[in-house]
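Engineer: Prediction below, plus the sequence it came from.
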Amino acid sequence: MNKKLISISILFLAVTILAVYALVNNRKDPTNPVADNQTPVQQANGTNQETNGIVLYYGDGCPHCALVEEFVAKNNIEAEVTFAKKEVYYNKQNADELVAKAQICGMPTDSIGVPFLWDGSKCLVGDQDIIEFFKTKINQ
């Protein structure tokens, strides 16, 4: 009787661990639109929002990215400048895209940092350069 109870408990524990593992991996699945780490507008309407080619690459937890995000929010930049925001720490597809943009700019791909902005033809790296870019876009 005890062996049967132990076997059932182990089986239950194994199934629970597999279920948790599957849920965690599903959140990082690039085909899952909720886990894609894109802007909420992109998730809601399924569009890429890159009509003018501007893409801001950032990393969750990056302090310099937070400075750019604070500036964008405080100055309501998204109401005046259309751009896509793409998280690169947890999204390999976005990280690969960032590397491709850096290669176009002739930047070394082994030391690319965020925040990183692609304006459709050139690359900007660092909070101050990106903030200055947005300031010129809104004529501040």
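Structural biologist: Now that the structure is in, tell me what you want to look at. Numbers count the residues shown, from 1 in each chain.
Engineer: Against which helices or strands is the helix or strand where Ala66 lies packed?
Structural biologist: For Ala66, the element it lies in under DSSP states H and E is helix 63-74. The contact analysis (3 or more Cβ pairs under 8 Å, 6 or more residues apart in numbering; DSSP states H and E) places helix 63-74 against strand 55-58, helix 127-137. The way it works is simple: take the backbone N, C-alpha and C, and place the C-beta from them, glycine included.
Engineer: now the first one: mean pLDDT?
Structural biologist: Which is strand 55-58. Averaging pLDDT along strand 55-58 gives 98.
Engineer: what lines up beside that strand in the sheet?
Structural biologist: Strand partners for strand 55-58, identified by DSSP bridges, are recorded as strand 84-87 (parallel), strand 116-118 (antiparallel).
Engineer: other SSEs contacting the next helix or strand after the last one?
Structural biologist: The element immediately downstream of strand 116-118 (helix or strand, assigned by DSSP H and E) is strand 123-125. Contacts of strand 123-125 with other secondary structure elements, assessed using 3+ Cβ pairs under 8 Å, 6+ apart, are made with helix 92-104, strand 116-118.
Engineer: what sits up against the longest one?
Structural biologist: In other words, helix 92-104. 30, 37, 55, 57, 86-89, 108-109, 112, 114, 116, 118, 123 (Cβ atoms under 8 Å, 6 or more residues apart in numbering).
Engineer: Out of those residues, flag the one nearest to Glu80.
Structural biologist: Nearest to Glu80 among those: Val55, at 16.7 Å, using Cβ to Cβ.
Engineer: circling back to that earlier point, could I get the buried residue list for the helix holding Ala66?
Structural biologist: His64, Cys65, Leu67, Val68, Glu69, Val72 (16 or more other Cβ atoms under 10 Å).
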